[in-house]
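S.K.: no sequence on hand, only this structure:
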């Protein structure tokens, strides 16, 4: 049993910052990658960012590139998402996800992730 627990969400004004954390516990594996997705009310879940454990390669959606920074700590099985210059359109529930890899893996494809957290709410006021 694998658990992913997110923390760090909250309410912030536009232009502010938040840092999300996601810790994996239980039966953990040598993850191929971990990532963040988000879902706003009435919208589909969308890719935010991901990091590969091997070499720490990072991936970002165009909407977050330059404002968000993803990083990982292999020893702690933890991934972080530093969110700066937040905008009201960043308001959503943010989900952490972990992937054991695929023969062809895409950072932004939901089905390429094996485990998901329960989500943490991020609200950005204008």
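M.R.: Noted; the coordinates are in hand. The structure presented is a predicted model; accordingly, all values stated were derived computationally and were not measured. Numbers count the residues shown, from 1 in each chain.

S.K.: mind listing the strands in this protein by residue range?
M.R.: With strands called from DSSP state E, the chain shows them at 2-7, 10-13, 18-26, 33-39, 46-52, 58-60, 68-73, 78-83, 92-99, 115-116, 120-125.

S.K.: for residue 108, find the nearest of these.
M.R.: Residue 108 lies closest to strand 46-52 among the strands of the chain, at 3.6 Å (Cβ to Cβ). Quick note: C-beta positions are derived from backbone N, CA and C, even for glycine.

S.K.: what is the closest one packed up against?
M.R.: strand 33-39, strand 58-60, strand 68-73, strand 78-83 (3 or more Cβ pairs under 8 Å, 6 or more residues apart in numbering; DSSP states H and E).

S.K.: and those strands: which comes nearest residue 17?
M.R.: Nearest of those (Cβ to Cβ): strand 78-83, 6.2 Å.

S.K.: which elements pack onto the closest one?
M.R.: Looks like strand 78-83 contacts strand 18-26, strand 33-39, strand 46-52, strand 68-73 (3+ Cβ pairs under 8 Å, 6+ apart).

S.K.: at 7 Å instead, please
M.R.: Counting contacts by 3 or more Cβ pairs under 7 Å, 6 or more residues apart in numbering; DSSP states H and E, strand 78-83 packs against strand 18-26, strand 68-73.

S.K.: any idea which of those strands gets closest to residue 89?
M.R.: Using Cβ to Cβ, the nearest of the helices and strands packed on strand 78-83 to residue 89 is strand 68-73, at 13.0 Å.

S.K.: can you list contacts of the closest one?
M.R.: Defining contact as Cβ atoms under 7 Å, 6 or more residues apart in numbering, one finds that strand 68-73 is touched by 34, 36, 48-51, 53, 56, 58, 60, 78-83.
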